[in-house]
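Got a predicted structure plus its sequence, pasted below:
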Amino acid sequence: MRATGEHTAAVPIPAPPPPPAAAVASATEEAEKERKKNRRRPSRRSKQAAVAAPQGPHADAAGPRSVRSMPPMHVGSGGAGVDAEAEASAAGTSQSCPLMPTPRPTEAPVSRVGGGAQVMRYFQPHWPERAVKDAVKAYCTIDGMPVDVLITGLAQNRAVEGDHVAITLDPVAQWTRMKGPNVACNPAIGGDSVVREFSETNGNHSWKKGHADVSCRFENCSNGVPVLDRMHPPHKNSGFSQAVNCGNGNATVPERNEKDLNDGKSEAARSLQRICAMIYSHPSRRPTGKVLSVIKKSPRRDAIVGFLASFSEFPDGEQQKNQMGLKRMNNRASSVTGLFHLLPTDPKFPPMVVSFSTLPDSVRQSLRGDAAFEKELVAARIDEWNEENLYPYAHVIWFLGKGGHVKTHMDAILFENAISDAEFSPESLACLPDNCWKIPQKELEARKDLREVLSFTIDPPTASDLDDAISIEILSGGTVRIGVHIADVSYFIHPETALDAEAQSRSTSVYTLKRKISMLPSRLSEVVSLNPGVDRLAFSIIWDIDPHGNIISRWIGQSVIFSCCKLSYELVQDLICNEASQARSAISSFEVHGKFERDDVIKSLRGLYEVSKNLKEVRFKGGALSLDTAKLMILFDEDGAPCDSYRYVRNNACFIVEELMLLANMSAAEVISNAFPDCALLRRHPEPNLRKFREFEAFCAKNGFELDASSSGQLHLSLSRIKEKLQEDPVMFDILMFYASKQMQSAEYFCTGDLISKEDDWAHYALSVPLYTHFTSPLRRYPDIIVHRTLNAVIEAEQVYMKQKKFSTGRNGVKASCELMDRCFTGLHLCKDAAESEEGKKALSAAAKKFKVPYSENLGEIAEHCNERKWAGRRAEDAGQKLYMWALIKNKEVVVCNARVLGLGPRFMSVYVPKLAMERRIYYDEVEGLSVEWLEATGTLVLDACWNKPAQRRGTQMKCRPIEEVAMVVNPSELSEEDEESGATEAGGCTAKSVLLSGDAVKAQAAPAVLPLVIHYMSDIPVVLHAIGGEDCAVDIGVRLYMASYFEL
């Protein structure tokens, strides 16, 4: 199984059989003696971080074991359906978890010294102070468990983000409390991106049956802004998910697993059942655990980005050298002339050590010349990390460039996500057709000729890959014939070729605003794209729809089309919503090829608009869910620099294309899953995490909104009613949609053979359909190519079968059977007699071999890889969006706006910033010149100027942060009347129309607040956005309070 960058798989160790009663009593007495002995030990011993790991032949045996010293891991925002605010406080219960006994190691740990001699190691060296402070938390999500497992500090045992690990759980007495005091007002936070099936939601993993699949999220509490990833289900059912169903507070084992007590999965199921029972018995506690071993290393170990720093400039540098055994390494490798720290930009990873001798030759030469390297961003990989070293050793692959430049950081984003921007190989390019390629006469005769049907494309104005066209014909009786025509990419990309291998490796095209990394060579796009005025090969699905919106027939097959024009969404919006007299300027702005006129195109567009409205209405009556979250777009000046941002609003033209593409994808899914139920590539969207959605319901109830989340349809109706109620407060609705999307799990590709006995799990929650796949974008998604090949196999089998039956019918003089009345495999209804007949099975099997449809096992691996690449592409796109927003704010220096308070506490507040469409934190504790009064009873925060130095405890050194880190304080006398009225718009250079996500409801920009500042839950406060980092650390966007005072604080 392939792990992605934001998840870690954990394998809980099943419990051994229970010991005899006498043994239990003896063990209890021994445990009691051990506890009394521990009470008598001096307290100073508890401060030593000495942890041992067993050595010898039993080192890999199942069961909890202690491990050697665990280096600190700087980890930060990650994913998943977990609560970011778990506090590591001691639990008040004495009951221990009955699952994981802790046997003593049979051998004492040893270390090698000198010429291979072994000596006993009784103690571990003390960690540097900085290492202790930087210890972090990691969250593992195990499929089948209602909450996540917290793994802290030493317990992480050198595991990094994305590793598959085996874990053991701590006794219940050591479990932590679920929430801290600072999140009493906060709703639960899930993932960091919205549901996009029109936009799906990050990181799924599969593992072999009999193991647990988990996602792991690391958190660094010091950065203040945890960005979360989601929990994702496996593409195959693990032993736990098959054996245990956890929901509504109960954990049950299916009867079929209870019968076979000798089955390994049954033992795993019973272990997980007991874990769930313990969790439900202690609902306020979060399980904690330890990493026993790394089962499979994450690919992210090979994709580290960071800045180099010398040990002399790093805190506790010499002490860390001694702790890590670096001097020993220097003695062993005489070629090493120096060591450097590598500080990753991703806080999920710990600092690393780089040897001078491993640097590229050009870099070593420049360093010998005293060239500055601290601001150079480098690409590296982790080479080694043993238990004797505090930090891992890394190898620098290449230098990316100076930090602070957009191109450098964009290259780093691509490297971190293993996205290759390299040219296509000569072997791949050799598979492409010539530039002068024309459609062979053989194809024109074999395909359905649709060149006389009015067809056109609707895309963004800058789109170059035109892989879908649509058409409409008016038939008698009010029936319309709707066609979706997709570029026939599979005709040019043959299986088991170099081009197919490279397309599968890339899996998806990646778009990062100013940069496009294509899945396929541009030369192929020029031949395949449905450009206007030329004949093109297509894969078409055509429906006849009656006046009531019912589909009465369907045709699927290969075709030849002629697109008459290329339209943009904005142009289509003008044409369908304006009268002819008002749309004259829009009409004259597009060219029509062939025999059709502009009026024909306009008439077709308006007909398609009416059909799409009916399809959308039927779909939402069927229970579909729409979560339209705020989406920011960046504007660029003539030099390519970001100059402004605005909120993207989808118009009716978007819905025309969306409804038809959804219908085509659903039709393709139905056909391939009926014909090949064990090797069809589909796309599923699981239901939301029940616990997380209950928290979201509580959040809505707290704010006076009724939410029915019993189904996707009821949820959609509830959100629609809330939207009507919040017409005067669109920011609040943005927040609700922001959090609603975070409760969703990710949609994922899967092989039907992996869930052959669980067809209910094939469904798509957001679309509320039982079958769905991707068929409509083969130029930018590899799964669509697989689906095209599978459809070709179905069509081929159908033709062979019908030909055989017609021959048999004609020879015997027998009337045609039912399956010949319509298309037996691709029609509206599958003819089971045909599919289950001996002739039908042979035809399908032969066609699958001809078109090389992947077998179930191979298809599962392809689906898993496509999922990982899709999520990597999405992470890169999101990071690119943030990078350009960072550059925009950096260019403007200061951007002033309003923010909505989502959570308050004595140390920090959480705010939603509409201008960024994201949540941020503002920490205000221990700030020089600022007094903080937190009134917990009323949930009120009072910030005021502090003229006296804060009291300090004797013997302590408390360092206060300067107020500039928390607030931008301006003198009211320096603000002009225009600034006061507009809220210092000039400082941000933005207007509500172009930037504020709340639209026209916000009449004025934010004016500075005046001290004392009284803040309540859900109140609006003025804030200042500013760019952070870039030159020597990761880029980020910070938020500070915006205040006015006549006095210098």
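Looks like it came in fine. Numbers count the residues shown, from 1 in each chain.

Kindly report the domain assignment for the chain.
Structural domains assigned to the chain are 128-173+267-297, 299-323+337-402, 428-686+745-807+823-873, 893-976+995-1044, following the TED database.

From His788, how far off is Leu1011?
64 Å (CB to CB, to the nearest Å). Every residue, glycine included, has its C-beta placed from N, CA and C.

Show me which of those two is the more surrounded one.
Taking other CB atoms under 10 Å, Leu1011 and His788 do not tie; His788 has more neighbours (24 against 20).

tell me what the helix or strand where that one lies is packed against?
Secondary structure from DSSP states H and E places His788 in helix 782-812. Using 3 or more CB pairs under 8 Å, 6 or more residues apart in numbering; DSSP states H and E as the contact test, the elements touching helix 782-812 are helix 498-506, strand 551-568, helix 652-675, strand 681-684, helix 838-850, helix 856-892.

among the ones you listed, which is the most enclosed?
Sort those by mean neighbour count, taking mean count of other CB atoms under 10 Å, and strand 681-684 sits at the top with a mean of 26.

Which elements pack onto that one?
helix 652-675, strand 748-751, helix 782-812, helix 856-892.

Lowest average pLDDT across these?
Of all the helices and strands packed on strand 681-684, helix 782-812 carries the lowest average pLDDT, namely a mean of 87.

Can you name the helix or strand that Ala397 falls in?
Just to correct that, residue 397 is Ile rather than Ala. strand 393-402.

That strand pairs with which strands?
strand 352-355 (parallel), strand 376-384 (antiparallel) (DSSP bridges).

okay, now the closest residue to Leu916 other than its chain neighbours: neighbour count?
Leaving aside its chain neighbours, Leu916 sits nearest to Ile1037 (6.4 Å; criterion: CB to CB, 6 or more residues apart in numbering). If you count neighbours by other CB under 10 Å, Ile1037 ends up with 22.

Ok, Lys375 next?
Counted by other CB under 10 Å, the residues lying close to Lys375 total 15.

Name the residues of the next helix-or-strand element following the helix holding His788 that are buried.
Beyond helix 782-812 on the C-terminal side, the first helix or strand identified by DSSP H and E is helix 832-836. Residues of helix 832-836 classed as buried by neighbour count (16 or more other CB atoms under 10 Å): Ala834, Ala835.

Now Glu502: closest residue in space that isn't a chain neighbour?
Using CB to CB, 6+ apart, the closest residue to Glu502 is Ser428 (4.7 Å).

can you tell me how far that neighbour sits from Val787?
22 Å.

Could you check which of the two has the larger neighbour count?
Val787 (28 against 20).

Now do the contacts for the residue nearest to the more buried one when sequence neighbours are not counted.
Leaving aside its sequence neighbours, Val787 sits nearest to Phe775 (CB to CB, 6+ apart; 5.0 Å). Residues counted as contacts of Phe775 (CB atoms under 8 Å, 6 or more residues apart in numbering) are Ile486, Phe539, Ala664, Asn665, Ala668, Ala669, Asp784, Val787, His788, Leu791.

Okay, and the beta partners of Val896?
With DSSP bridges as the rule, Val896 is bridged to Val1024.

can you pull the buried residues of stretch 720-733?
Buried, per 16+ other CB under 10 Å, within stretch 720-733: Ile722, Leu726, Pro730, Val731, Met732, Phe733.

Not counting its own residues, what contacts stretch 935-950?
For stretch 935-950, using CB under 8 Å, 6+ apart, the contacting residues are 181, 184-185, 904, 906, 909, 924, 926, 929-934, 958, 960, 1011-1017, 1041, 1045, 1047, 1049.

Just the buried ones from the residues you listed, in ChimeraX syntax?
To isolate the buried members of these in ChimeraX, using 16+ other CB under 10 Å:
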select :185,904,909,924,929,930,931,934,1011,1013,1015,1017,1041,1045,1049
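
I figured Pro770 hits Thr752, correct?
No. In this structure, Pro770 is not within contact of Thr752 by CB atoms under 8 Å, at 11.9 Å.

Would you mind telling me which of these two has the busier surroundings?
Taking other CB under 10 Å, Pro770 and Thr752 do not tie; Thr752 has more neighbours (24 against 16).

show me what contacts the more buried one?
Shown in contact with Thr752 (CB under 8 Å, 6+ apart): Ser673, Phe676, Pro677, Asp678, Cys679, Ala680, Leu681, Leu682, Trp762, Ser856.

Widest-spaced pair of the buried residues of stretch 720-733?
Ile722 and Val731 (13.2 Å; CB to CB).

what about Thr673, distance to Leu660?
Actually, residue 673 is Ser. It isn't Thr. 21 Å.

and if you look at Glu473?
The gap separating Glu473 from Leu660 is 14 Å, by CB to CB.

elements contacting the helix or strand harbouring Leu343?
Using DSSP H and E, Leu343 falls within strand 339-344. The criterion is 3+ CB pairs under 8 Å, 6+ apart, and the helices and strands that strand 339-344 contacts are strand 304-310, strand 352-355.

looking at those strands, which is buried most?
Of all the helices and strands packed on strand 339-344, strand 352-355 has the most neighbours on average by mean count of other CB under 10 Å, namely a mean of 23.

In JSON lines: the buried residues of stretch 720-733, plus pLDDT.
Output for the buried residues of stretch 720-733, formatted as JSON lines (pLDDT from 0 to 100):
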{"residue": "Ile722", "pLDDT": "94"}
{"residue": "Leu726", "pLDDT": "93"}
{"residue": "Pro730", "pLDDT": "91"}
{"residue": "Val731", "pLDDT": "93"}
{"residue": "Met732", "pLDDT": "94"}
{"residue": "Phe733", "pLDDT": "94"}
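
which one among the residues you listed gets closest to Lys402?
For those, the nearest to Lys402 is Val731 (38.4 Å; CB to CB).

What is the helix or strand containing the closest one packed up against?
Per DSSP H and E: Val731 is located in helix 730-742. If you count contacts as 3+ CB pairs under 8 Å, 6+ apart, helix 730-742 packs onto helix 690-702, helix 712-725, strand 895-903, strand 908-913.

How about the secondary structure of the residue nearest to Leu916?
strand (DSSP: H, G, I helix; E, B strand; the rest coil).

Isn't it up against Ala887?
No. Using CB under 8 Å, Ile1037 is not in contact with Ala887, being 10.5 Å away.

related to what we said a few turns ago, which one, of the helices and strands packed on strand 339-344, ends up nearest to Phe636?
Comparing the helices and strands packed on strand 339-344 by CB to CB, strand 304-310 comes nearest, at 24.7 Å.

hang on, the earlier thing: which of the buried residues of stretch 720-733 sits closest to His865?
Nearest to His865 among the buried residues of stretch 720-733: Phe733, at 37.8 Å, using CB to CB.

Next one: the spatially closest residue to the closest one that is not a sequence neighbour relative to Asp734, how far apart?
Using CB to CB, 6+ apart and skipping residues adjacent in sequence, the residue nearest Phe733 is Leu726, 4.4 Å away. The gap separating Leu726 from Asp734 is 9 Å, by CB to CB.

in the stretch 501-650 of the chain, which spans are helices?
Using DSSP state H, counting those that start in this stretch, the helices of the stretch 501-650 of the chain run over 522-528, 569-577, 584-587, 598-621.

Quick check: which of those is nearest to Thr152?
Of all the helices of the stretch 501-650 of the chain, helix 598-621 comes closest under CB to CB, at 45.1 Å.

same for that closest one, what does it pack against?
Secondary-structure packing of helix 598-621 (3+ CB pairs under 8 Å, 6+ apart): strand 448-459, strand 468-474, strand 480-487, strand 551-568, helix 569-577, helix 652-675, helix 712-725.

JSON lines for the ones you listed, including distance to Lys742?
Converted to JSON lines, the helices and strands packed on helix 598-621 look like this (distance: least, CB to CB, whole Å):
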{"stretch": "strand 448-459", "distance to Lys742": "30"}
{"stretch": "strand 468-474", "distance to Lys742": "30"}
{"stretch": "strand 480-487", "distance to Lys742": "32"}
{"stretch": "strand 551-568", "distance to Lys742": "32"}
{"stretch": "helix 569-577", "distance to Lys742": "28"}
{"stretch": "helix 652-675", "distance to Lys742": "23"}
{"stretch": "helix 712-725", "distance to Lys742": "14"}
